[in-house]
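Enquirer: Build me a model:
(3 chains)
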Amino acid sequence: MSPFLDALLLQAGYNAALVGIGAGLLGFAAGSSGTFLFLRKRALVSDAVAHATLPGVGLAFIVMVALGGDGRSLAGLLIGSAVTAWIGLMLIEWITRRTRLAEDAAIGAVLGVFFGLGIVLLTVIQTMSAGRQAGLEGFLLGSTAGMLFEDAIIIAVGGSVAVFATWLLRRPMTLVAFDPDYAAALGYDVRRIDLMMMGLAMAVTVIGLKLVGLILIVAMLIIPSVTARFWTERAHHVVWIAGGIGGVSGYVGAAISASAPSMPTGPVIVLVAAGAFAISLLFAPVRGVVASLLRHRRFQVRVHRRQGLLALAHQHPIREPFTLRLLAREGLVRADGVATQAGRAQAAKVSRDERRWAIAREIHQDAGLTGRYDGLTPIEEVFTADEIGEFDRRLGAPVGLGGGS
Amino acid sequence: MGTDFVQFSLTPILIGTFAAIACALPGNFLILRRQALIGDAISHVVLPGIVVAFLVTGAVAAIPMLIGAAGAAIVAVILIETVKRLGRIEPGAAMGVVFTTLFAAGVLLLEQTDTSSVHLDVEHALMGNLESLIWFRATGWDSLLDPAALATLPPELGRMAAVCALIVGLMLVFWRWLKIATFDEGFAQALGIPAAGLGFGLVITAAVAAVAAFDAVGSIIVIAMFICPPAAARLMTNRLAAQVWWSVAFATVSAVLGYVLAGYGPLWFGGQNALSAAGMIAAVSGVILGLAVLFGPHRARVGAGRADASG
Amino acid sequence: MTPTPVTIAAEDGQARNPALPTPESALAMRGMTVSYGEKPAVFSVDATFPAGAMSAIIGPNGAGKSTLLKASLGVVPRLSGAVTVFGTPIEKARDRIAYVPQRASVDWDFPTTVIDVVQMGLYRKVGLLGRLSGAAAQQARTCLDRVGMADFADRQIGQLSGGQQQRVFLARALVQDADLYLLDEPFAGVDAATERAIIDVLKLLKSEGKSVVAVHHDLATARGYFDHVFLINVRRIAEGPVETTFTAENLNATYGGRLSATHVDELTLTGGAA
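Expert: Alright, predicted model coming up:
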């Protein structure tokens, strides 16, 4: 545990500290700027963008070598990747605007074709610099080995700019993600805001290429915001929670990676984020699986219980085995489906409530109240005691079962 | 052109063509169902699949790896569906979460097992090694009639041909069901057609195609094969059957032209080494799609798209 | 005002034994509950639609009309409930049902032609591999002719107007040659000529002894079009012959305050005159 603590406290060496800080910043930037793509239901645009960086990396390398450099300047490679990623984005937009093809097809096409082009260029580079390893394969899966101070600076500056831009554009982006037509009616240029959203994701992708690689940067853009969505119902909170989750995953992931052998940084960061996602999916208080399962189960019980009591009140046989079991467990019916004393009393109450509702719906003919006549809402929740008293006065004295009308 | 072509180009071209067709066929329906990116998800999880297969069997053998990849694809599809339903998350984001996580797990597992031999295969899984699937014992076109030479055909050819035939057969048998369940799922259900099962079956079929194709063309370029030929075909016609034929034609052209350009293109420019055939196939399919977007006779949207379901 | 004009499930004195669906009912449901999330869209609904009649399911927006129809067909899952068609469980009576979904539920950009869509109605009969014979194509054309669309057989479906799309869906149901026709909002967003064409076809079906059940939203035409109405607002409000059931009291109970009193009077009056 102690190497891990060392790494966590930035005591595991210069390079590890650099990677840890860089990964934390990158995680925060990716989480927050990926949020709007997710809210716009376009999470996988980031996948296309990420794959579309590969030919840019290759091209930049070729150009830099042709100009007499050694082709490995990180800034140069990143500029190249940004260029082709942007072209990919424009192509997605162009295909969906110009043709009947849906966005998912455009995303997939750009992703596959650009990646293919990238691979072709990598083979070109292999022939160019025979014997000299370009090391561009590192951009596929990321590598932190030999991360330089300049690299950390690029991540820090770029990440801060991305976070700042996200903060600056949060209102128009929220509007467009929620209701693009309304945003357009307000005079926002929806297309431009969409491009800015995607441009932000692209910027983060480019920044993160070196550290986590082009395939896993997608995870850092998507997973934090999806995870954050479980914990809040408000878009602005999603942005910062996602940033937090991304930042913590990045930092903790880098620390784990630094503290043990054979733990590549990118995958570990993604798996930490995925762990946060799994926990949120299961245990988030309202949207989590456990909470909604419990809620659904309770709901099902309420429906069947009520339906069973209604059947008893109307002296219909109950045929659903689940309803029978439920009522039997509560001692409301016997095993053969005949109502017990308690069951008859409950049924009488249900029956009386139904008649109260009938009166209520005659007196209060407004939609708000009748809309709650859904069979499950207790009448006491909708009307005051004296109002119910009035219904009862109109109904007359309580009657026994079967004496309905 | 005789001996060299049969020896070095015939089998890769055939394998590439079979792979392209096997992917394009289910791709037609994936595109119409707005599920194009399931191909993306499936192809990314091939890597963890083969890594797990290697860990279990301890050997770099084709069949266990194919099984591992297919298993990973099925696990991914089920996980995506689970995350989507349980978490009420839109499909794109659900896919993004699942396949990147599985991919990360695959890379991590790989790093934990220190075998350089597998490492090689992973690069191939991502990028393909179509060029290496040569027919070494062939001496010319007459080898096609020579049982001894035929026995030395690369096993990938038979495997890919079988998968392609299987997918063609499935498409023919389930043609009507697929068509109606894709166009109008509610009506299909009212007819008693198991629409949900059919949708799952389609995704599994796509997974089988992707898995069979990955060792030939690489797992990521499979995505281009799923999407580009059918997408270009969609812009050529307004009839489903015609669309499928177009997609097969485009897939074939991409595979053949892509391989030829990668293999012989550099020679025309004075280069000496061939380029990545799989990458070039994807690039050609992209060019075809680009041309269809510019000039396809039916590129414009005519009908209202699917409106949001209303109660 | 007398205290009990509003009928509640199974308290209206009709002799109905839920255990024995009457054979003369075309479609019968017992204890149907459907929910999207935590609120019932349809709660504990019993319904009986008579054979050989035109029935309407009527209620305000969000009252569960379409949901009831879809749940009975199994297109949306139900929390509880049983459905019979001509006395047999619906799963065993699929061949006797034709369904016309809402127009908006499909992708009209799908690469297919009008005649192709109509032939989809035959897919269950011919199975996966059975040949669609020339006779089948002829049958599809005849049905297109019945809805006045014979000249459009080879059009791409996206090129049709809303009314024409609805007619194609009706033709697809006709080609099924069913005994019970279930239609989800067949008149929603169609032009007047299409509405007349559809209602003529439905009346012809009725005269051939077929049963029709339609989700309907237009109160002004309900009395003129249908014999039997089922009023729903999550719960069953009332059902029965249109003359006795489509009353101001029942409509008020169904729609709450959403219909003004004069509106209701007008409806019943114009309806009565038609």
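
Enquirer: need the residues of the stretch 1-150 of chain C near chain B, please.
Expert: Contact residues, the stretch 1-150 of chain C versus chain B (CB under 8 Å from any CB of the partner chain): C:36, C:41, C:62, C:64, C:66-67, C:70, C:73-75, C:91, C:94, C:97, C:99, C:101-102, C:104-113, C:116-117, C:120, C:123-124, C:126, C:128-129. Every C-beta, even on glycine, is put in place using the N, C-alpha and C of the backbone.

Enquirer: among those residues, which ones are buried?
Expert: Neighbour-count burial (16 or more other CB atoms under 10 Å in any protein chain shown) applied to these gives C:41, C:64, C:66-67, C:70, C:73-75, C:94, C:97, C:99, C:101-102, C:104-113, C:116-117, C:120, C:123-124.

Enquirer: picking that back up, which ones among the residues of the stretch 1-150 of chain C next to chain B are found in strands?
Expert: Mapping the residues of the stretch 1-150 of chain C next to chain B onto strands (DSSP state E) picks out C:Tyr36, C:Ala41, C:Ile97, C:Tyr99.

Enquirer: outside of stretch B:245-252, which residues touch it?
Expert: B:17, B:20-21, B:23-25, B:27-28, B:225, B:228-230, B:232-233, B:236-237, B:285, B:288 (CB atoms under 8 Å, 6 or more residues apart in numbering or on different chains).

Enquirer: And stretch A:98-110, by the same measure?
Expert: With CB under 8 Å, 6+ apart as the test, stretch A:98-110 has contacts from A:42, A:44-45, A:47-48, A:51-52, A:88, A:91-92, A:95-96, B:31, B:34-37, B:39-40, B:92, B:223-224, B:226-228, B:231, B:234-235, B:286, B:289, B:293, B:296, B:298-302, B:305, C:109.

Enquirer: Buried subset of these, written for PyMOL?
Expert: Command for PyMOL, covering only those of the contacts of stretch A:98-110 found buried under the criterion 16+ other CB under 10 Å:
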select buried, (chain A and resi 42+44+45+47+48+51+52+88+91+92+95+96) or (chain B and resi 31+34+35+36+37+39+40+92+223+224+226+227+228+231+234+235+286+289+293+296+298+299+301) or (chain C and resi 109)
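
Enquirer: Could you tell me which of the contacts of stretch A:98-110 belong to strands?
Expert: The members of the contacts of stretch A:98-110 all map outside strands under DSSP E.

Enquirer: now, which of the ones in strands among the residues of the stretch 1-150 of chain C next to chain B sits nearest chain B?
Expert: Taking CB to the nearest CB as the measure, chain B lies nearest C:Tyr99 of these, at 3.8 Å.

Enquirer: what's the neighbour count on the closest residue to that closest one other than its chain neighbours?
Expert: Leaving out its chain neighbours, the residue that sits closest to C:Tyr99 by CB to CB, 6 or more residues apart in numbering or on different chains is B:Ala190, at 3.8 Å. For B:Ala190, the number of neighbouring residues by other CB atoms under 10 Å in any protein chain shown comes to 27.

Enquirer: likewise C:Arg96?
Expert: 18.

Enquirer: Distance of it relative to C:Ala26?
Expert: 9 Å (CB to CB, to the nearest Å).

Enquirer: Common neighbours of the two, please.
Expert: Common neighbours of C:Arg96 and C:Ala26 (criterion: CB under 8 Å, 6+ apart): C:Val85, C:Phe86, C:Asp179, C:Leu180.

Enquirer: Secondary structure element holding A:Arg393?
Expert: According to DSSP states H and E, A:Arg393 maps onto helix A:385-395.

Enquirer: That helix vs chain C: in contact?
Expert: Yes: legend: contact between helix A:385-395 and chain C by CB under 8 Å from any CB is shown at A:Arg394, A:Leu395.

Enquirer: Check which helices and strands that helix sits against.
Expert: Counting by 3 or more CB pairs under 8 Å, 6 or more residues apart in numbering or on different chains; DSSP states H and E, the packing neighbours recorded for helix A:385-395 are helix A:341-363.

Enquirer: cutoff 10 Å now
Expert: Secondary-structure packing of helix A:385-395 (3 or more CB pairs under 10 Å, 6 or more residues apart in numbering or on different chains; DSSP states H and E): helix A:341-363, helix A:379-382.

Enquirer: ok, now which ones touch B:Thr205?
Expert: Listed by CB atoms under 10 Å, 6 or more residues apart in numbering or on different chains, the contact set of B:Thr205 reads B:Ala22, B:Leu25, B:Pro26, B:Phe29, B:Leu30, B:Val163, B:Leu166, B:Ile167, B:Leu170, B:Met171, B:Phe174, B:Leu178.

Enquirer: Who are the contact partners of the nearest residue to the third one once chain neighbours are set aside?
Expert: Residue nearest to B:Pro26 in three dimensions, not counting chain neighbours: B:Ala206, with 4.2 Å by CB to CB, 6+ apart. Residues touching B:Ala206, when contacts are defined by CB under 10 Å, 6+ apart, comprise B:22-23, B:25-27, B:29-30, B:35, B:38-39, B:41-43, B:73, B:77, B:167, B:222, B:226.
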